[in-house]
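Enquirer: heads up, no residue letters with this:
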Ligand code: SF4
């Protein structure tokens, strides 16, 4: 039983209209799985000061881990390099995550992905920028599919 465990959640999964297209991705299965937890909804891209709606961005040359090593970039659809802006958003979200036990983040996003992410037009194995920072601090990061399958709270894990 998770009790009042503090959990960082991608704000779009909580119903906030923070996506590039000003829509949300509210996921009732995720919210049900986290019932009883203290949710911390965060959108790294909005924290970085990006507008809603906004031109979508994608990783180029590698995943979030490669971005932090300066081996890949975050490019806007029109070609503008927004790597530093995305780094700021991920750092701010990371700073806001003090005290969390785990995170549930939206898959495929350059900021939030934890397993699969768009890189140069292809869905690849890899993470977004925020998931890298959280895992480096030892925080378990899940996506919405794992949450919906009830994989967040195996007996005795937290
Ligand atoms: S940055 Fe994360 S929280 Fe914000 S819209 Fe994209 S997936 Fe959702």
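Expert: The structure has been received and is ready for your questions. The model shown is predicted, which means the values in this text are computed figures rather than measured ones.

Enquirer: any weak-confidence spans in this protein?
Expert: Where the chain drops to pLDDT under 70, the residues are 1-3, 154-158.

Enquirer: how about a cut-off of 90?
Expert: 1-4, 150-158 (pLDDT under 90).

Enquirer: quick one: contacts for the residue positioned nearest the centre of the chain?
Expert: Of all residues in the chain, the one closest to the mean position by Cα atoms, centre = their mean is residue 112, 2.0 Å from it. Counting by Cβ atoms under 8 Å, 6 or more residues apart in numbering, residue 112 touches 10, 44, 105-106, 128, 130-131. In short, each C-beta sits where N, CA and C put it, glycine included.

Enquirer: so the nearest residue in space to residue 94 that is not next to it in sequence, which state does it fall into?
Expert: Leaving aside its sequence neighbours, residue 94 sits nearest to residue 133 (Cβ to Cβ, 6 or more residues apart in numbering; 4.3 Å). Following DSSP: H, G, I helix; E, B strand; the rest coil, residue 133 is assigned to helix.

Enquirer: please apply the same query to residue 8.
Expert: Assigned by three-state DSSP, the conformation of residue 8 is strand.

Enquirer: quick revisit: state the distance from the residue nearest to the centre of the chain to residue 103.
Expert: 9 Å (Cβ to Cβ, to the nearest Å).

Enquirer: ok, residue 46 next?
Expert: Distance, residue 46 to residue 103, using Cβ to Cβ: 17 Å.
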